[in-house]
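# Pasting a predicted model and its sequence here:
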Amino acid sequence: MTQTKVNNIQRLKKVFSQSLSISESQINDELEYNSIQQWDSTAHMALVAQLEAEFNIMLDIDDIIDMSSVGKCKEILKKYNVEL
Amino acid sequence: MDDLLSSFYSLPVFDLKHDEKRILLNNALNQLNIHHYNNCKEYRNLINAMSFKLEVSDCQQQPYIVARLFKMLELKSISSDNIFKRLYSSGTSSENVSNIFLDGQSAKEQSKVLSKILQEFTGKQRLPMLLIDSPDIIKNKKSFSARGAGIKGLSFLGRDHTYALNSDMSINYKAIDDFLVKHSNQTILIFGFTFMIWKYLVQPLKEQGQSLNIANSILFHSGGWKKLQTQSVDNHTFKQFCYDILGNTRVHNFYGMVEQTGTVYVECEHGFLHTPVFSDILIRDIQTYRVLDNGEKGLIQLLSVLPRSYPGHSILTEDLGRIIGTDNCSCGRKGHYFHVYGRLPQSETRGCSDTYQ
Ligand SMILES: [Zn+2]
């Protein structure tokens, strides 16, 4: 694993933890949208905004809709050249 | 079933001629009839009771259920374990609210279809978004609000979401000013409920002789005209106020029902509501339920290829409407275009007993 990748994973966890107000220990690839009370549609838009700010990207509408788990989010970010 | 909807995704949203669309739509609806017949007991009972055929040769013969049944029955074609989200209609406290059950896939598809339709007007880019409401509307997670649901439903079309009103519904001038300065050379996306925009933004600003003078914006509004009709505000007046207050803006009303969330009917540049490729409209006589011709006023029936987790693909509403024409609107969009005249007065509604036995 490259240092960038390790850093990005850490940044991603931080974004999830802050925008959903959950602890980093709760975050794994299987965590799904709407599976916990904290990750509802309102938090989802906050998450998108923070991801965009953190990684300096602009997500497409379809990607926001498809971002249904942490794992899926990683997959999508890779499309935007974020090393994960 | 999975291919059914994806085949529609590849079609142009407003460019298919009605005669081409009706064949695809009818075929999809036939499949949905069978799907819901097999997966929803209440739907099966209704179809049997009404002696409806599941496979018909034209959209006009499609079986339908009346909208109020969603208030009386729990209609779902998924098991309870798979319920991802419940939608409720806004009904007043005196009546029951509609209950719509979605699984994860259906919720996603509603968002996708909604964005596909609205992007025909906004373009692909997510625009800075000004919401004409108070941020409190989405804060309370427990109580349901139709306005909150609408705002959440549209918010993924935009970015830098900014609320134009304070908690007491007064105008948040600072928030609006900061937002407009920040995005001064961009097209702004504005969304709000028709009544909210009128009562809490354009009317008070007009009274104070103020305007926002936004260089370029697109305004979507929805929710119906009922509350505005009592103040004699029609679509024309509403638009005129918006132009005066907001500046160079394109105003689009849209019509839709919670029972068919996703497939909305957006008003074009010439003031008509358009049917996208995913859905269609029929008009029925209020007494006989016979299908009426273009130009005749009657009850609106909505057909949509979207509902899969609940049998809402063909619904007779309690709204009055009139199809203006087919394939020939001056805006260039194909398919039916129509007007909505609001809810059928209660006194004229037939008892539900004769449509559901
Ligand atoms: Zn038109």
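Structure received. Numbers count the residues shown, from 1 in each chain, chains lettered A, B, ... in the order given.
# C-alpha only now, for contacts and for neighbours.
Will do.
# what does chain B have sitting close to the ion?
Proximity of chain B to the ion, by CA under 5 Å from the ion, involves residues B:268, B:329, B:331.
# Next up, the contacts around residue B:344.
Neighbouring residues of residue B:344 by CA atoms under 8 Å, 6 or more residues apart in numbering or on different chains: B:299, B:318-320.
# Most neighbours among these, please name it.
residue B:299 (27 neighbours; other CA atoms under 10 Å in any protein chain shown).
# ok, the helix or strand that residue falls within: who's next to it in the sheet?
Element membership of residue B:299, judged by DSSP states H and E, is strand B:297-304. With DSSP bridges as the test, strand B:297-304 is paired with strand B:279-284 (antiparallel), strand B:314-326 (antiparallel).
# can you list contacts of that strand?
Contacts of strand B:297-304 (CA under 8 Å, 6+ apart): B:29, B:260, B:263, B:278-286, B:289, B:292, B:312-323, B:344.
# the longest helix in the chain is where?
Since no chain was named, I'll use chain A. Longest helix in chain A, counting residues (DSSP state H): helix A:3-20.
# if you could check chain B rather than the one you did, that'd help
Ranking each helix of chain B by length (DSSP H) puts helix B:18-39 first.
# Extract the C-alpha trace of it and format it as PDB.
Output in PDB follows, covering the C-alpha atoms of helix B:18-39 (Å, rounded to 0.1, in the frame of the first residue of the first chain):
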ATOM      1  CA  HIS B  18     -46.300   9.100 -28.600                       C
ATOM      2  CA  ASP B  19     -47.200   6.200 -30.900                       C
ATOM      3  CA  GLU B  20     -43.700   4.700 -30.400                       C
ATOM      4  CA  LYS B  21     -43.800   5.300 -26.700                       C
ATOM      5  CA  ARG B  22     -47.300   3.800 -26.000                       C
ATOM      6  CA  ILE B  23     -46.100   0.400 -27.400                       C
ATOM      7  CA  LEU B  24     -43.000   0.300 -25.100                       C
ATOM      8  CA  LEU B  25     -45.000   1.600 -22.200                       C
ATOM      9  CA  ASN B  26     -47.900  -0.900 -22.600                       C
ATOM     10  CA  ASN B  27     -45.500  -3.700 -22.800                       C
ATOM     11  CA  ALA B  28     -43.700  -2.600 -19.600                       C
ATOM     12  CA  LEU B  29     -47.000  -2.100 -17.800                       C
ATOM     13  CA  ASN B  30     -48.200  -5.600 -18.800                       C
ATOM     14  CA  GLN B  31     -45.100  -7.000 -17.200                       C
ATOM     15  CA  LEU B  32     -45.700  -4.900 -14.100                       C
ATOM     16  CA  ASN B  33     -49.300  -6.100 -13.900                       C
ATOM     17  CA  ILE B  34     -48.100  -9.700 -13.700                       C
ATOM     18  CA  HIS B  35     -45.300  -8.800 -11.300                       C
ATOM     19  CA  HIS B  36     -47.700  -7.100  -8.800                       C
ATOM     20  CA  TYR B  37     -50.400  -9.700  -9.300                       C
ATOM     21  CA  ASN B  38     -47.900 -12.300  -8.300                       C
ATOM     22  CA  ASN B  39     -46.400 -10.400  -5.400                       C
END
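# Let's test this: mean pLDDT of that helix, rounded?
If you average the pLDDT over helix B:18-39, you get 97.
# which residues touch it?
B:1, B:4, B:43-44, B:47, B:54-59, B:62, B:76-78, B:277-279, B:304-305, B:308, B:310-311, B:313, B:326-327, B:334-336.
# Report the buried residues of that helix.
Of the residues in helix B:18-39, B:18, B:21-22, B:24-33, B:35-37, B:39 count as buried by neighbour count, 16 or more other CA atoms under 10 Å in any protein chain shown.
# Pull out the buried members of the contacts of strand B:297-304.
Looks like the contacts of strand B:297-304 have B:29, B:260, B:263, B:278-286, B:292, B:312-323, B:344 buried, using 16+ other CA under 10 Å.
# still on that earlier bit, what's downstream of the longest helix of chain B, the next helix or strand?
Taking DSSP H and E, what comes next after helix B:18-39 is helix B:41-50.
# chain center to that next one: distance?
26 Å (CA atoms, centre = their mean, to the nearest Å).
# Check stretch B:62-80 too.
Per CA atoms, centre = their mean, the centroid offset for stretch B:62-80 relative to its chain is 18 Å.
# Also stretch B:43-58?
With CA atoms, centre = their mean, you get 26 Å for stretch B:43-58.
# what's in contact with it?
B:22-23, B:26, B:30-31, B:33-34, B:36-38, B:62-63, B:75, B:311, B:355-357.
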